[in-house]
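# this is the structure alone, sequence omitted:
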C-alpha cells in the first residue's frame, strides 16, 4: 500500500525546511495550469512563469493553507502587473513613418490566414482569438476557471468581487464565445 500524497500545505512546510523535492512536487502539480493561464494572458509567459515560482518559493512562509493554486495565481497576477508597470511603450501605433503610414494601418485585421489549416488547429486559434477579445474582467474569470481550475468562490475571493459577479462574468464570457464561434444552441 502506497502512502497518501502529501497535501500542498505539507509540501509548503517541507519546502520551508529546505526540501527541494517538495518544490518539485508543487511545480509538478500546479505548473501546467499556471503556464496555461500565463500563456493566455501574456506573450512573455515563460518569464512570468519563472518569476512566479521564484516569488512563491521565496514567500512560501506566507502560504498558510487553503488553495495553493489560488495563492500561486495571486503571485502570477502580481508578476504580470509588475511587468506591465515596468514596460514602457516602444512604438506609438499612430506615429507616422517617412512614407506617412502609421503602424496601426499595417496591423493584421485578425482574419483567418489564407492557407488552409487542420480543423483542430483552426478551431483552437479561433477560440484563442475570441478569448483574447473578451472584456478583461470576463477574460480573467474565464481563464481562472478554465485554465487554473479555480472554483467560483476562489475566483471571487482572489479578485475581491462578489460570487454572483464572478458567476455573471463567466456566463457572459461563455455566451459571447458561443455566439462569436457560431455555437449557439438556442440557449442564450
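The structure has been received and is ready for your questions. These figures come from a predicted structure and were not determined experimentally. Residues are numbered from 1 along each chain as shown.

# top helix in this structure by residue count?
helix 20-41 (DSSP state H).

# how about that helix: buried residues?
Neighbour-count burial for helix 20-41, with 16 or more other Cβ atoms under 10 Å as criterion, is recorded at 22-23, 25-26, 29-30, 33-41. Where C-beta positions appear, they are placed from N, C-alpha and C, glycine not excepted.

# which member of these is positioned nearest residue 79?
residue 38 (8.5 Å; Cβ to Cβ).

# contacts only, for the closest one.
45, 48-49, 52, 76, 80 (Cβ atoms under 8 Å, 6 or more residues apart in numbering).

# which of those lies closest to residue 156?
After measuring those against residue 156 - Cβ to Cβ - the closest member comes out as residue 76, at 17.6 Å.

# the residue nearest to the closest one when sequence neighbours are not counted: which element?
By the measure of Cβ to Cβ, 6 or more residues apart in numbering, the closest residue to residue 76 outside its immediate chain neighbours is residue 52, 4.5 Å from it. Element membership for residue 52, per DSSP states H and E: helix 45-58.

# which strands and helices sit next to that helix?
helix 20-41, helix 68-86 (3 or more Cβ pairs under 8 Å, 6 or more residues apart in numbering; DSSP states H and E).

# domains in the protein, by residue range?
The chain breaks down into these domains under automatic domain parsing: 7-87, 128-188.

# just how off-centre is the longest one within its chain?
Translated: domain 7-87. 12 Å (Cα atoms, centre = their mean, to the nearest Å).

# now for the contacts of residue 38, which pair is the farthest apart?
49 and 80 (11.0 Å).

# weakest of the domains of the chain by average pLDDT?
Ranked by mean pLDDT, these bottom out at domain 128-188, with a mean of 88.

# for the nearest residue to residue 68 once chain neighbours are set aside, give me its contacts.
Counting by Cβ to Cβ, 6+ apart, residue 68 lies nearest to residue 8, which is 3.7 Å off, once chain neighbours are set aside. Contacts for residue 8 (Cβ under 8 Å, 6+ apart) come out as 26, 29, 63, 68.
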